[in-house]
Structures are given as C-alpha cells and as structure tokens.
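Trainee: What shape does this take:
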Amino acid sequence: MKKHYLLSLLLPTGFLLLCLLGGCAKRPVSRSPDESVGLFPYRQGERWGFCDRQKQISIPCQYDYVQPFSEGLAKVIRHGSVGFIDTSGREVIALLYDDADAFSEGLAKVKHKGKWGFINRQGQWVIAPRYEAASSFRNGYAVVSLHGKQGIIDRQGREIVAARYEQIEPFHEKRAAVLRNGQWGFVNTKGEEIVPPVYEEVGPFREGLAPVRRNELYGFINRKGKEVIPPQYEEVDLFREGLALVVTDALVGFIDKKGKWVIAPQYDYGGGFHEGLAVVHDKRGYFYINRRNEVVIPGPFEVAFEFINGLAMIRQGRHFGFINHQGEMVIPPVFDDAWHFQFPEYTWVAQNGKYGFINRKGQAILPLKYAEAYLVSKEMAEVKLFNGKTGYVGLHGAEFWDEADAAPQAP
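Mentor: Just a heads-up that it's a prediction; the model follows:
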C-alpha cells in the first residue's frame, strides 16, 4: 500500500474505491448548504445571483461567482475579491479578501495578503491571518500550516497541537493522526502525543480502534495507544459494526475487537459490513453475507459495493444498477456510471457520456444531458454543461440559469 494515512483502506482489488470505475471525477459533497433559506445560485450569462425554487430572482446577478448559502451567509466573488452576503443580498462582509471558504461552526477561513485567518459573521477577525494554509473548522478544531509545519487550533485561535508535524489529519474519536520524520502517531485534543510516531501507516479511529502498520504488517491499537491486536495481517479495513475485514495469506476474513475470527479467511476479496451485510468475492463472483457467514444475496455480481441508505450499487457487464436488501434489482443495470445514494432519495447516473439524476425507483428527476454532475445537498446539485459553463439544478426539476443559455447536447 502506498498511502500513508488511510481514510479508506484499500483491499486487495481496491474495489471499494469508486475511482476504479470512474466515480472520482464526480466530487462528493464538499459543503453543507442551508436548505432552509430556499435560495439557489442563479446564472445569467456570466453573472451570478440567487433565485427561489420557482426561479424568481431574489438577489440580482451581479457577481462573477457565488456559492450556496452556509450558516445564513453566501460567499460571493467580484473582480477577484471575495466577501459574503446575507439572504437579503446585503454585503455584510465587504469584498476585501483574496479567497475564502464557506462559514463552518460560526467562522470562515479567509485569505488576506497571502495569509489565512478566520472571521466571524460580523466580518471581525477572530484569528488573525498568519497561516500559510488552513482547513475549515470541524468539531471545534482546524488544521493550520505555519513555517512549513502543521498544527491544530481551536475556535479561539489557541494552539492545541504545536505546528511541528509534517502532516496532521482531522480528529476522529478525539484522536488525530500526526506525521513526523516519516512515521505516524496520534495526539489527543489536549495536544498530548499519546502514540509516538513509530508506525509506517495508520488509519482513523473507528469504534474505539485504529489500524496501524509496523514492519509491513497491520494490526489495531486502542485509544490509549495499546496494540490490542498486534500487527500480523497483510491488509485491513476499519472496524464496522463490530467487525473488521483483514487479509491473511491472501484470503479475506473478519475478526472481532479481541482479534478472534468471526468469519475465517476464505474469500478472495471483500468489503466491511454496512447495514448488516458485507460484500465478498470468490470464484463465483461477488455476493453478500451476514455476520454468521450466511449467503444472504447470492448474486453473483461482476462488481458489488456496500449498502448505503438501503441500496447497493452493482455492476453487470459494463453497466451499473442498484439492489435492495432482499437482493431485488430495483434499478436495472443500464448506466455507464453511477454513484451511491449518498442522499437517500437521489443520486447521479450517466449514459453515453451524459449525466443526470434519478430517484430510488430509477426514474429520471433531471434528464441525462450534462457533461458532469455531483450532488451538493439533498435539494441541489452542481452540473457542467457541454458548452463548458457550470450551473446549479434543483432536484425538484429546475435548472437555475437563463433559458437562453440552455446547454447544447453532447456531440
């Protein structure tokens, strides 16, 4: 394995990664827009403003670009400068900044004169711009870079973890992975190094345990740093629903948190448990088992993925479809590309290079006619048109741009 920090651990085939099948081109949700404000980014030619669900313009199209509202404010750009407006269209934070991200946990990271800091909703500096890079706040903490090293600060700007690491990952279960001198360890929310950087590779804590690699073998540590399951496996996944997928002698099995075999190693490939089922592979193909190693959905499928919100994506031949927990093909495999039902009611799919959106019954909510598409929220998606322009669509069926600027069809 080549990655050092494992947010999603690869299995022998890497089949859990949709990048293998083209899915990485469509970004997952990167913001958390306000659904309640009822305003959508609207484009008139090259100018942007906001409209309501009926496409009535509420904020005039006068900006070079806008982002959806987050925590009651929206990022806007004009002549290369960034600021924020409220739902009435008032520029409550003047367009003075080089760059900015949406508000998160009451603060927005903004770039001023080449440095990053954080402002509040009144536009006041809460954390002065002094960092070379910064993440938005998540669960009260942000990762920042100073003099080429990374650290962690809280919402008051207090240094929780000194900027002395080559890389820091966000907190998971109050533990953050840190990289120093090419080795990984963990710190807690007090900045204490509870696990010295001694591992070649680590993953995030999940269900109280984190995967680690030492001497090219994987095991698990607890939140105190004790190796409760010593490194002995060729590959591992995170613990999910009390079990972890592990690979030994090139075979996949499942262990509990004491390291005892629950499902002995016997499969070629597999994925962790989701919604009570795990997808595994042997000479028959891919199929689904329960915790008792009973075959629940026999398939076999050429490729299969974990259940998310009650449906699992499968591939037969070169096409994707979706099955339910009973193994019924609720959406036939007719799509060239697809994504999980990340939001329960909708997802994007593609046919012949054209992207659109379907519901859980496979019915088209918006026609398959876009060059690219990805979901922003349960009500909104961003799309790229075949004329090179971008725009937002409502999953109730509306396109938020001028009718005169309709997208030409793909060649």
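
Trainee: Could you pull out the buried residues of stretch 43-51?
Mentor: Arg43, Gln44, Arg47, Trp48, Gly49, Phe50, Cys51 (16 or more other C-beta atoms under 10 Å). (Glycine included, C-beta is placed from N, CA and C.)

Trainee: Looking at these, which is nearest Tyr374?
Mentor: Arg43 (17.0 Å; C-beta to C-beta).

Trainee: partner strands of the helix or strand of the chain with the lowest mean pLDDT, parallel or antiparallel?
Mentor: The least trusted helix or strand in the chain, going by mean pLDDT, DSSP states H and E, turns out to be strand 372-375, with a mean of 90. On the basis of DSSP bridges, the sheet neighbours of strand 372-375 come out as strand 380-384 (antiparallel).

Trainee: Quick one: name whatever helix or strand follows the strand it pairs with.
Mentor: Going down the chain from strand 380-384, the next helix or strand is strand 390-394, by DSSP states H and E.

Trainee: In CSV: the buried residues of stretch 43-51, plus distance to Lys224 and pLDDT.
Mentor: Supplementary listing: those in CSV, determined by distance: C-beta to C-beta, whole Å; pLDDT from 0 to 100:
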residue, distance to Lys224, pLDDT
Arg43, 53, 96
Gln44, 58, 95
Arg47, 56, 96
Trp48, 51, 97
Gly49, 53, 97
Phe50, 50, 97
Cys51, 53, 96
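
Trainee: Nearest to Lys113 among the residues you listed?
Mentor: When those are compared for distance to Lys113, the smallest value, 25.8 Å, is given by Trp48; criterion: C-beta to C-beta.

Trainee: from what I can see the closest one touches Tyr42, true?
Mentor: Yes. Under the criterion of C-beta atoms under 8 Å, Trp48 lies in contact with Tyr42, with a separation of 6.8 Å.

Trainee: shared neighbours of those two, anything?
Mentor: Common neighbours of Trp48 and Tyr42, counting by C-beta atoms under 8 Å, 6 or more residues apart in numbering, are Cys61.

Trainee: just to revisit the earlier point, quick one: distance of the least confident helix or strand of the chain to the chain centre.
Mentor: For strand 372-375, the separation from the chain centroid amounts to 14 Å (computed by C-alpha atoms, centre = their mean, to the nearest Å).

Trainee: Tell me how far Lys260 lies from Lys226.
Mentor: Separation of Lys260 from Lys226 (C-beta to C-beta, to the nearest Å): 17 Å.

Trainee: for this structure, what are the low-confidence residue spans?
Mentor: Low-confidence segments of the chain, defined by pLDDT under 70: 1-37, 404-411.

Trainee: What ranges does it have for its helices?
Mentor: Applying DSSP state H to the chain gives no helices.

Trainee: about what we covered before: from the buried residues of stretch 43-51, which is closest to Leu243?
Mentor: For these, the minimum distance to Leu243 (C-beta to C-beta) is 46.5 Å, reached by Phe50.

Trainee: Provide a list of residues in contact with the closest one.
Mentor: Shown here is Phe50, whose contacts under the criterion C-beta under 8 Å, 6+ apart are Leu39, Phe40, Pro41, Tyr42, Ile57, Ser58, Ile59, Val66, Ala74, Gly89.

Trainee: Can you turn the buried part of those into a ChimeraX selection?
Mentor: When burial is assessed using 16+ other C-beta under 10 Å, the buried subset of those is captured in ChimeraX by this command:
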select :39,40,41,42,58,59,66,74,89
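
Trainee: What about the contacts of Phe50, which are in strands?
Mentor: By the criterion of DSSP state E, membership of the contacts of Phe50 in strands covers Phe40, Pro41, Tyr42, Ile57, Ser58, Ile59, Val66, Ala74.

Trainee: Spatially, which two of those are the most separated?
Mentor: Farthest pair in the ones in strands among the contacts of Phe50, by C-beta to C-beta: Ile57 and Ala74, 14.4 Å.

Trainee: residue contacts, Arg138?
Mentor: Counting by C-beta under 8 Å, 6+ apart, the residues that Arg138 touches are Ser104, Glu105, Pro170, Phe171.

Trainee: ok, what's across the strand from the residue nearest to the third one when sequence neighbours are not counted?
Mentor: Nearest non-adjacent residue to Pro170, counting by C-beta to C-beta, 6 or more residues apart in numbering: Arg138, 5.7 Å away. With DSSP bridges applied, the residues forming beta bridges to Arg138 are Tyr141.

Trainee: for Phe322, same thing?
Mentor: The residues paired with Phe322 through beta bridges, assigned by DSSP bridges, are Met313, Ile331.

Trainee: That one and Gly310 touch, don't they?
Mentor: No. If you go by C-beta under 8 Å, Phe322 and Gly310 don't touch, sitting 9.6 Å apart.

Trainee: With neighbour numbers in mind, choose between the two.
Mentor: Taking neighbours as other C-beta atoms under 10 Å, Phe322 and Gly310 compare with Phe322 leading, 27 against 13.

Trainee: residue contacts, the more buried one?
Mentor: By C-beta under 8 Å, 6+ apart, the contact set of Phe322 is Leu311, Ala312, Met313, Ile314, Met329, Val330, Ile331, Ala338, Phe341, Gly362.
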